[in-house]
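K.L.:
How does the following fold in three dimensions:
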Amino acid sequence: MAENNGKRKAPASKKQKGGTSAAHDSVAEAMEVELPEWSRGERLSKFKNCQKELYLGKISKVPRNKLGVAERFTVISDFKYYGLVKCFQRLGWEAVLTYDNNNKSEVYTDEIVEWMSTLEKKDGKNPPFTTKLIGYVGNKKVALSFEAMDKIVKFDTGAVNPQREYEYLSVDKIFGKGDDWLTMLRELFQVDDIREDMKLYRKDLKPLPKLLTCILNWNVIPRAGDKEKMRNYEIRVLYALITGRPTISFKHLVLLNVWESREDYDRKRIPHIRLLTRVLMDAKAILAGAKPYKMRQTPFCIDKTDVGDWDFRKGRSRCVLIDMKSGVGKFLKETT
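P.N.:
Residues are numbered from 1 along each chain as shown. Okay, here's the model as predicted:
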């Protein structure tokens, strides 16, 4: 990438295999634009006049067919005795386990990229209830909001046992460490020396939190890459699933995930790709003749968990979830 007095040119975009759309034309228009340097820790919205080009440059090395992280359908009947389903019911998130855009494998990544590259956040008078992430596909304006998600599926049905209102925390509070960091680590990890600066590895999680990370990485805080290391921003959401506190709204989390995947220099994958496809389709932003990518529907079931990682034992009065790598078992009272 050419350097020129602290600036660089946006990379020429190659036509991606698997689809063509106006999104490719948008990339082509950015080919010769002089861009400032965007460094880790800087927010994309800091740059007033070239956000689209910088975003397209950020994701340019990721193949389009691997750019989105696709939600997976969880076979609830397989896991209902092992605590996993109860974690989602606790926050009123049961629909998160099964959302798969009606079992459709087609996703419109090119159009979603165009929308993401033009995205703006409008908080309205009563955020996050009135917050909208607004972008364009061609000349079509598309908004992701609580209202848009409610038309698709009821993700937030209310926290239960006991019933509590949702807490709409700031992005720093949800994704940052906070004063209760050690409390959360003790609840989630099974290591002798819990320290604030400890390295966070998936292998050190207790059995149920470890199992939950599978769905966390597909449906809740989607990401690709190294799955053996936990990220700081995953800890509070995982803690909320295990304990029911804080009572995070999933719709609010979706807005944060999508916005952060645009604003954060290091986050290159697009989360909730099936949901965003549906939002664009409902807004009639997908033109006739647009070619989708195929992301295969692979349900998450006991047979599809990592071979050798887990043993699921169901008895008359109790069930046991055993982490075969650590030898630790989680005993759970059987429910119907």
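
K.L.:
so residue 285 makes contact with residue 143?
P.N.:
No. Between residue 285 and residue 143 there is no contact under Cβ atoms under 8 Å: 10.6 Å. Just so you know, the C-beta spots here come from the backbone N, C-alpha and C atoms, and that holds for glycine as well.

K.L.:
These two - which one has more neighbours?
P.N.:
With neighbours defined as other Cβ atoms under 10 Å, residue 285 and residue 143 compare such that residue 285 has more, 22 against 15.

K.L.:
which residues does that one contact?
P.N.:
111, 115, 137, 138, 140, 142 (Cβ atoms under 8 Å, 6 or more residues apart in numbering).

K.L.:
Which residue is the nearest non-sequential neighbour of the first one?
P.N.:
So that's residue 111. Leaving aside its chain neighbours, residue 111 sits nearest to residue 137 (4.9 Å; criterion: Cβ to Cβ, 6 or more residues apart in numbering).

K.L.:
Inside helices: which ones of the contacts of residue 285?
P.N.:
Cross-referencing the contacts of residue 285 against helices under DSSP state H gives 111, 115.

K.L.:
nearest to residue 95, of the contacts of residue 285?
P.N.:
For those, the residue nearest residue 95 by Cβ to Cβ is residue 142; the value is 21.9 Å.

K.L.:
The closest one and residue 114, how far apart?
P.N.:
Computed as Cβ to Cβ, to the nearest Å, the residue 142 to residue 114 distance reads 10 Å.

K.L.:
Same question for residue 49.
P.N.:
For residue 49 relative to residue 114 (Cβ to Cβ), the value is 18 Å.

K.L.:
swap in residue 204?
P.N.:
Residue 204 is 41 Å from residue 114, by Cβ to Cβ.

K.L.:
just residue 243 next, same as before
P.N.:
Residue 243 sits 40 Å away from residue 114, going by Cβ to Cβ.

K.L.:
ok, now residue 272?
P.N.:
Counting by Cβ to Cβ, the gap from residue 272 to residue 114 is 16 Å.

K.L.:
again, but for residue 228
P.N.:
From residue 228 across to residue 114, the span is 34 Å (Cβ to Cβ).

K.L.:
More neighbours: which of the two?
P.N.:
Neighbour tally, residue 228 and residue 114, criterion other Cβ under 10 Å: the higher count belongs to residue 114, 27 against 9.

K.L.:
So the more buried one sits against residue 137, correct?
P.N.:
Yes. Counting by Cβ under 8 Å, residue 137 is a contact partner of residue 114 at 5.3 Å.

K.L.:
Show the backbone phi and psi for the residue nearest to residue 206 when sequence neighbours are not counted.
P.N.:
For residue 206, ignoring the flanking residues on the chain, the nearest one in space by Cβ to Cβ, 6+ apart is residue 190 at 4.9 Å. In terms of degrees, to the nearest 10, the main-chain angles of residue 190 are phi -120, psi 60.

K.L.:
Let me see the ranges of the helices in the stretch 51-200 of the chain.
P.N.:
For the stretch 51-200 of the chain, the helices defined by DSSP state H, counting those that start in this stretch occupy 51-58, 76-79, 84-90, 94-98, 109-117, 146-150, 171-175, 181-188.

K.L.:
For ChimeraX, write the select line for the buried members of the contacts of residue 285.
P.N.:
Filtering these down to the buried ones (16 or more other Cβ atoms under 10 Å) takes a single ChimeraX command:
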select :111,115,137,140,142
